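Give me coordinates for this.
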Amino acid sequence: MRLPDSVTGSFLVALGAAAAYGGWILPPVPGQPVGPNVFPLVIGTGLASRR
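Next up is the predicted model:
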C-alpha cells in the first residue's frame, strides 16, 4: 500500500515538531555555548520546515 505524499509530509512535519519540542524543553548545560538541546532542535526544525 502506498501512502499519498500529503500523508507522508504531514508525518514528517509532526515528527520534526516533536523533535524540536523535545530539544526545546531540554535544560541547557551551564558554561557551554552549545548544549544537548541544539541537535534535536536543529534537526526537528529542518524536518518541520521541509513541507
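
ranges for the helices of this protein?
5-25, 38-48 (DSSP state H).

Q32: which of these is closest?
Set against Q32 and scored by C-beta to C-beta, these come closest in helix 38-48, at 9.8 Å. C-beta coordinates here come from the backbone N, C-alpha and C atoms, glycine included.

Please state the mean pLDDT value computed over that closest one.
Throughout helix 38-48, pLDDT has a mean value of 82.

That one vs helix 5-25, what angle?
Per axes from the mean of the first three to the mean of the last three C-alpha atoms, to 10 degrees, the angle that helix 38-48 makes with helix 5-25 is 160 degrees.

what's helix 38-48 in contact with?
12-13, 15-24, 26 (C-beta atoms under 8 Å, 6 or more residues apart in numbering).

Take those residues and lay them out in a markdown table including pLDDT and neighbour count.
Below are these laid out as a markdown table (pLDDT from 0 to 100; neighbours: other C-beta atoms under 10 Å):
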| residue | pLDDT | neighbour count |
| --- | --- | --- |
| L12 | 85 | 14 |
| V13 | 85 | 15 |
| L15 | 87 | 14 |
| G16 | 84 | 20 |
| A17 | 85 | 14 |
| A18 | 87 | 14 |
| A19 | 84 | 20 |
| A20 | 83 | 21 |
| Y21 | 85 | 13 |
| G22 | 83 | 13 |
| G23 | 81 | 19 |
| W24 | 83 | 12 |
| L26 | 81 | 14 |
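
now the residues you listed as JSON lines including distance to R2?
Shown next, in JSON lines, are the contacts of helix 38-48 (distance: C-beta to C-beta, whole Å):
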{"residue": "L12", "distance to R2": "16"}
{"residue": "V13", "distance to R2": "19"}
{"residue": "L15", "distance to R2": "19"}
{"residue": "G16", "distance to R2": "22"}
{"residue": "A17", "distance to R2": "24"}
{"residue": "A18", "distance to R2": "24"}
{"residue": "A19", "distance to R2": "25"}
{"residue": "A20", "distance to R2": "28"}
{"residue": "Y21", "distance to R2": "29"}
{"residue": "G22", "distance to R2": "30"}
{"residue": "G23", "distance to R2": "32"}
{"residue": "W24", "distance to R2": "34"}
{"residue": "L26", "distance to R2": "36"}
